[in-house]
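Student: Have a look at this prediction, sequence included:
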Amino acid sequence: MAAALLAAIPSLAFAQSFQFQQLDSYYSGTYPYYTADVTKHALLSRPGLSFKDDRFDVTYGKSESVTTCEAGSCHSGSTSGFIQLSKPLSGGAASTTVVDALGSAPLTAFTDAGFRNVFHVRYASPVLGFPKINQLWQAWQAPNSSTWNHLLVDGTTGGGASIFGSTAAMQAVRYGGTNHVFYIEAGLLRLRHVWRDPNTSTWLYEVLDGDGGPNGRLDVNLSGAAQALSVLVDGNQLHVFYVDETNGDVRRAFYDGSNWSFHFHSGILRRLGAPISAVMFQGTPHVFYRDLDSLDLLYNSVSGPEQFLDGVGGSVASRALSAIAFDGKMHVFYDDANGRYLRHAEVLYFNHTFSTLSDFSASATLAGIDTGIDYQGHLNLVYTVNSMDTYSSNYFTRLIHGRRCHSGVPCPF
């Protein structure tokens with residue numbers, strides 16, 4: 001059993017330019033106690049990375065089911081929710097808090113003006129014959145406070161809200177002094193936009209695309225898959241990238257500070273899909289996405305031709321993808337060979353360099369990844385890996401943090 005468990009733990013044989021540390025782990029198995037046996041099945045979700053002052057915060061979900069057996073009688077229960085782990089950038093002990101005991105994926109985490117924000121989904125019970133509702137919620141924490149507050153954003157009635165709530169395609173950003181959330185509506189599969197009116201402290205709603213209308217809007221089905229939507233803020237402009245399942249393309253909603261317009265991004269209609277990740281590089285939006293037929297990873301800018309990045313000889317970016325600008329290049333992190341490898345590509349115009357940061361065991365998969373630049377200018381990534389013990393079918397899940405120093409400046413954990 002011990003040998004099988006060790007085989008299921010992903011390797012930490014990383015490239016030398018990155019430093020890595022394990023932040024958290026969960027093991028699913030049967031634990032003998034004095035009075036009962038407890039069987040636990042736990043998994044971690046895709047993490048969200050954010051920064052506050054001299055600390056980095058990682059928000060992630062834990063789904064756990066527990067069965068307790070005593071004297072031939074067994075009882076089952078389950079827990080889920082989001083926790084946030086916070087740790088000093090310069091090293092030191094980590095602290096954890098419960099963000100929302102009812103929270104579920106997907107999530108977006110960011111800090112603005114000292115306020116920690118986490119936007120996520122809660123699953124609400126059916127009402128009057130409606131299906132289960134994926135309510136959209138905000139958890140926020142004020143500066144110098146340890147209390148998490150909770151606001152219902154969507155998944156209710158009245159004022160233009162959606163009774164169906166959000167799919168797994170969702171991202172929140174800070175723009176124009178207030179919070180904005182973009183998401184694909186469950187059931188109707190259209191792009192919705194909700195923002196907080198800073199004057200009245202109420203949520204405002206609109207349908208942006210998928211329901212037809214002017215300025216390039218289409219009546220189509222949009223993808224609600226995880227990571228099927230990515231948002232960029234560029235001064236007073238907004239770029240929202242998302243997947244058009246009807247036409248098999250990536251679309252872009254563009255806000256110029258006054259009006260919205262809508263465009264096919266790649267312009268080559270085929271089966272493009274999630275995950276997608278957008279990054280602002282040298283003043284131009286770029287988006288990375290997956291061809292669902294060739295299983296290749298592709299990208300282009302809003303003004304340039306489509307380019308091939310990776311995929312020869314195997315599937316890429318099937319579960320996780322995150323792109324970020326750092327030290328004069330675009331850096332792209334993604335899974336390879338059905339989630340077994342963590343890949344890193346450095347992109348500068350037509351020049352691409354590649355490395356494999358980790359080779360997990362055959363029974364392991366990369367579950368999710370997020371990236372960010374801390375206040376010291378260093379590149380950070382966090383990701384979760386789920387490994388299965390082939391003998392017991394139990395899971396071992398790990399949360400990993402990696403860092404690459406800015407321009408060779410030392411940045412020890």
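Tutor: Now that the structure is in, tell me what you want to look at.
Student: contacts, neighbours, all on C-alpha from now
Tutor: OK.
Student: Please give me every residue in contact with residue 297.
Tutor: 288-291, 308-311, 316-317 (C-alpha atoms under 8 Å, 6 or more residues apart in numbering).
Student: could you dump those residues to CSV with pLDDT?
Tutor: CSV is the format used below for the contacts of residue 297 (pLDDT from 0 to 100):
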residue, pLDDT
288, 95
289, 93
290, 91
291, 90
308, 92
309, 94
310, 92
311, 88
316, 84
317, 79
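Student: which of the residues you listed count as buried?
Tutor: By neighbour count, with 16 or more other C-alpha atoms under 10 Å, those hold 288-291, 309-311, 316-317 as buried.
Student: can you name the two of these that are farthest apart?
Tutor: 288 and 311 (12.9 Å; C-alpha to C-alpha).
Student: Adjacent strands (with direction) for the host helix or strand of residue 334?
Tutor: For residue 334, the element it lies in under DSSP states H and E is strand 329-336. Note on strand 329-336: by DSSP bridges, its sheet partners are strand 316-326 (antiparallel), strand 341-348 (antiparallel).
Student: Could you identify which of the ones you listed is most buried?
Tutor: Most buried of the strands paired with strand 329-336 by mean neighbour count (mean count of other C-alpha atoms under 10 Å) is strand 316-326; its value is a mean of 23.
Student: follow-up on the earlier one: identify whichever of the strands paired with strand 329-336 lies nearest to residue 115.
Tutor: When the strands paired with strand 329-336 are compared (using C-alpha to C-alpha), the closest one is strand 316-326, at 23.1 Å.
Student: Need the residues that contact that closest one.
Tutor: By C-alpha under 8 Å, 6+ apart, strand 316-326 touches 227, 274-281, 288, 290, 295-297, 310, 330-339, 366-373, 379.
Student: Of all residues in the chain, which one is nearest the centre?
Tutor: In the chain, the centroid-proximal residue (C-alpha atoms, centre = their mean) is residue 46; its distance is 5.4 Å.
Student: where are the low-confidence patches of the stretch 251-400 of the chain?
Tutor: Across the stretch 251-400 of the chain, the ranges flagged by pLDDT under 70 are 267-269, 313, 337-339, 361-363, 388-395.
Student: For it, which segments count as strands?
Tutor: Secondary structure of the stretch 251-400 of the chain (DSSP state E, counting those that start in this stretch): strands at 260-264, 272-281, 284-291, 297-301, 307-310, 316-326, 329-336, 341-348, 351-359, 364-373, 379-388, 395-404.
Student: For the second one, name the packing helices and strands.
Tutor: Counting contacts by 3 or more C-alpha pairs under 8 Å, 6 or more residues apart in numbering; DSSP states H and E, the secondary-structure elements packed against strand 272-281 are strand 229-234, strand 237-244, strand 249-255, strand 284-291, strand 316-326, strand 329-336.
Student: related to what we said a few turns ago, assign the residue nearest to the centre of the chain to helix, strand or coil.
Tutor: Secondary structure, DSSP: H, G, I helix; E, B strand; the rest coil: residue 46 is coil.
Student: Can you name the residues that contact it?
Tutor: For residue 46, the contact set (C-alpha under 8 Å, 6+ apart) comprises 60-61, 105-106, 367-370, 383-384.
Student: got the buried residues for stretch 215-225?
Tutor: 217-218, 220-225.
Student: For the residues you listed, please prepare TSV with the additional fields distance to residue 161 and pLDDT.
Tutor: What follows is those, written out as TSV (distance: C-alpha to C-alpha, whole Å; pLDDT from 0 to 100):
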residue	distance to residue 161	pLDDT
217	20	91
218	21	92
220	20	93
221	19	94
222	19	95
223	20	92
224	18	89
225	21	88
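Student: Which pair in those has the greatest spatial separation?
Tutor: Longest span within the buried residues of stretch 215-225, C-alpha to C-alpha: 217 and 225, 20.6 Å.
Student: So residue 243 is in contact with residue 274, correct?
Tutor: Yes. Using C-alpha atoms under 8 Å, residue 243 makes contact with residue 274 at a distance of 7.2 Å.
Student: shared neighbours of these two, which are they?
Tutor: With C-alpha under 8 Å, 6+ apart as the test, residue 243 and residue 274 both reach 228-229.
Student: which of the two has more neighbours?
Tutor: Shown here are residue 243 and residue 274; by other C-alpha atoms under 10 Å, residue 243 has more neighbours (32 against 26).
Student: How about the more buried one: which residues does it bridge to?
Tutor: residue 250.
Student: And it, what's its pLDDT?
Tutor: What the model reports for residue 243 is a pLDDT of 94.
Student: same deal with residue 11?
Tutor: On pLDDT, residue 11 comes in at 35.
Student: now residue 153
Tutor: 92.
Student: do you know how far residue 323 is from residue 369?
Tutor: From residue 323 across to residue 369, the span is 10 Å (C-alpha to C-alpha, to the nearest Å).
Student: Need the overlap of contacts for these two.
Tutor: Residues within reach of residue 323 and of residue 369 at once, by C-alpha under 8 Å, 6+ apart, are residue 333.
Student: mind putting the strands paired with strand 329-336 in JSON lines, distance to residue 84 included?
Tutor: Formatted as JSON lines, these follow (distance: least, C-alpha to C-alpha, whole Å):
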{"stretch": "strand 316-326", "distance to residue 84": "20"}
{"stretch": "strand 341-348", "distance to residue 84": "23"}
